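Enquirer: requesting a structural model of the entry that follows:
(one chain, ligands or ions: 2)
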Amino acid sequence: MTLKLKCLSHTPLRGLNDPGAEVVAEVDAVLARSRAEVEAFDPELIVIFAPDHYNGLFYDLMPPFVIATAAESVADYRTLPGPLSIPRDLALEMARFILDSDVDIALSHRLQVDHGCTQTLEEMTGSLTRYPVIPIIINSVAPPFAPYRRIRKLGEAVGRFVATLNKRVLILGTGGLSHEPPVPLLSGAPEEIAEFLIAGRNPTPEARAARQARTIAAGQVYGSADCPLTPLNVDWDLAFIDLLVQGRLDEIDDFRIEEISRAAGRSTHEIRTWVAAFAALAAGGAYRARQDYYRAINQWIAGYGVVSAEQR
Ligand SMILES: O=C(O)CCC(=O)/C=C/C=C(\O)C(=O)O
Ligand SMILES: [Fe+2]
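Expert: Residues are numbered from 1 along each chain as shown. Ligands and ions are numbered 1, 2, ... in the order given. As a prediction, this is how the structure comes out:
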């Protein structure tokens, strides 16, 4: 077994809001380099830890974590439509292994996934079907959340499972870093919004367009005095990247959910996907990691980072 890890931010606003040609070129270049590394690694399996933004998962039944044996993209924003290539039996085996490791993971035989999963898969592989992929969705957007120490345990179980396979495995984490897009909260929501958050699957094209327009508009004022959303927090982001690069994963068990929301924004919890990814890699022993890129990009509502790692 050989493991490689890539964790990176996603943003539905890439290609929609313009942070300037220089920034676009920088991000394009780092993504192109990352994709070339993935191509050279030629993974036999990808495990992607990803969030959902009320496209596949709603409060009618909101699991802390779910593993999919079959999944289809909702093609929100500009992401690709269609099914992912999930090796069903292997995903089931992984689910059994995780449960046997005392981590209660939900199972879906028909999951809808959004840009939170598909954007990074597309950026890293060029398609949704190029390699076999097992998606594990970690609730990062719909409170209450499982504590961070549980995310580490989930990642460790996945890492122990992939260690039993004689395969080249790419582990992806997608989301974060600091940011707060206009994702509604159930607590205190008016009835219409609450109904959407509980059972808003398969919106009409008009409803989807209205949601997307709100996010685009938020990106145009994000970080300014006119914007009530928690701004990006560069110090928080760089400290988190350092922690990962230095292998201080045990400190993550003490992360406080409310403190992170206040300091860096409510959607910063998408870094749970990075935590799981690094815990999976670390389950196999010491690793070597590097920061490939970081920039705070208000127009994309993203403390935008890319980190890579591999086993020593
Ligand atoms: O579409 C909505 O209703 C809410 C907006 C939303 O889901 C935005 C998501 C943005 C990200 O994925 C992100 O910044 O991580
Ligand atoms: Fe997101």
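Enquirer: can you give me the helices in the stretch 51-200 of the chain?
Expert: Per DSSP state H, counting those that start in this stretch, the stretch 51-200 of the chain carries helices over the ranges 88-100, 115-125, 148-163, 191-199.
Enquirer: how about the helix or strand following the last one as PDB, C-alpha atoms only?
Expert: Tracing the chain C-terminally past helix 191-199 and defining elements by DSSP states H and E, one meets helix 205-221 next. In PDB, the C-alpha atoms belonging to helix 205-221 read as follows (Å, rounded to 0.1, in the frame of the first residue of the first chain):
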ATOM      1  CA  PRO A 205     -33.800  25.100 -11.200                       C
ATOM      2  CA  GLU A 206     -35.200  28.500 -10.100                       C
ATOM      3  CA  ALA A 207     -34.600  27.800  -6.400                       C
ATOM      4  CA  ARG A 208     -31.100  26.500  -7.100                       C
ATOM      5  CA  ALA A 209     -30.300  29.600  -9.200                       C
ATOM      6  CA  ALA A 210     -31.600  31.900  -6.400                       C
ATOM      7  CA  ARG A 211     -29.400  30.100  -3.800                       C
ATOM      8  CA  GLN A 212     -26.400  30.400  -6.100                       C
ATOM      9  CA  ALA A 213     -27.000  34.100  -6.800                       C
ATOM     10  CA  ARG A 214     -27.000  34.800  -3.000                       C
ATOM     11  CA  THR A 215     -23.600  33.100  -2.700                       C
ATOM     12  CA  ILE A 216     -22.200  35.000  -5.600                       C
ATOM     13  CA  ALA A 217     -23.600  38.300  -4.200                       C
ATOM     14  CA  ALA A 218     -22.100  37.500  -0.800                       C
ATOM     15  CA  GLY A 219     -18.700  37.000  -2.400                       C
ATOM     16  CA  GLN A 220     -18.800  40.500  -3.900                       C
ATOM     17  CA  VAL A 221     -19.000  42.100  -0.500                       C
END
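Enquirer: please enumerate residues in contact with the very next helix or strand once past helix 205-221?
Expert: Downstream of helix 205-221, the first helix or strand assigned by DSSP H and E is helix 234-245. For helix 234-245, contacts defined as Cβ atoms under 8 Å, 6 or more residues apart in numbering pick out 7, 176-178, 249, 251-252, 260, 263-264, 268, 271, 274, 278, 289-291, 294, 296, 303, 305, 307, 309. (Each C-beta comes from the backbone N, C-alpha and C, glycine too.)
Enquirer: does helix 234-245 come close to ligand 1?
Expert: No: judged by Cβ under 6 Å from any ligand atom, helix 234-245 stays clear of ligand 1, getting no closer than 13.5 Å.
Enquirer: any weak-confidence spans in the stretch 1-150 of the chain?
Expert: For the stretch 1-150 of the chain, no stretch has pLDDT under 70.
Enquirer: what parts of it come near ligand 2?
Expert: When proximity is defined as Cβ under 5 Å from the ion, the stretch 1-150 of the chain approaches ligand 2 at residue 116.
Enquirer: now do 6 Å
Expert: Within the stretch 1-150 of the chain, the residues that sit near ligand 2 (Cβ under 6 Å from the ion) are 10, 51, 53, 116.
Enquirer: in CSV: these, plus neighbour count and distance to residue 239.
Expert: What follows is those, written out as CSV (neighbours: other Cβ atoms under 10 Å; distance: Cβ to Cβ, whole Å):
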residue, neighbour count, distance to residue 239
10, 28, 21
51, 27, 21
53, 22, 25
116, 28, 24
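Enquirer: picking up where we left off before, just send the helices of the stretch 51-200 of the chain back as CSV, with distance to ligand 1 too.
Expert: Listed next are the helices of the stretch 51-200 of the chain as CSV, based on distance: least, Cβ to the nearest ligand atom, whole Å:
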stretch, distance to ligand 1
helix 88-100, 24
helix 115-125, 5
helix 148-163, 17
helix 191-199, 8
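Enquirer: most packed of those helices?
Expert: Of all the helices of the stretch 51-200 of the chain, helix 115-125 carries the top mean neighbour count, a mean of 25, counting by mean count of other Cβ atoms under 10 Å.
Enquirer: now, which of the residues of the stretch 1-150 of the chain next to ligand 2 sits nearest ligand 2?
Expert: residue 116 (4.7 Å; Cβ to the ion).
Enquirer: that older thread, any of the contacts of helix 234-245 buried? List them.
Expert: Among these, those that count as buried by neighbour count (16 or more other Cβ atoms under 10 Å) are 7, 176-178, 249, 252, 260, 264, 268, 271, 274, 278, 289, 294, 296, 303, 305, 307, 309.
Enquirer: narrow these to those in helices?
Expert: 260, 264, 274, 278 (DSSP state H).
Enquirer: perfect, that will be all.
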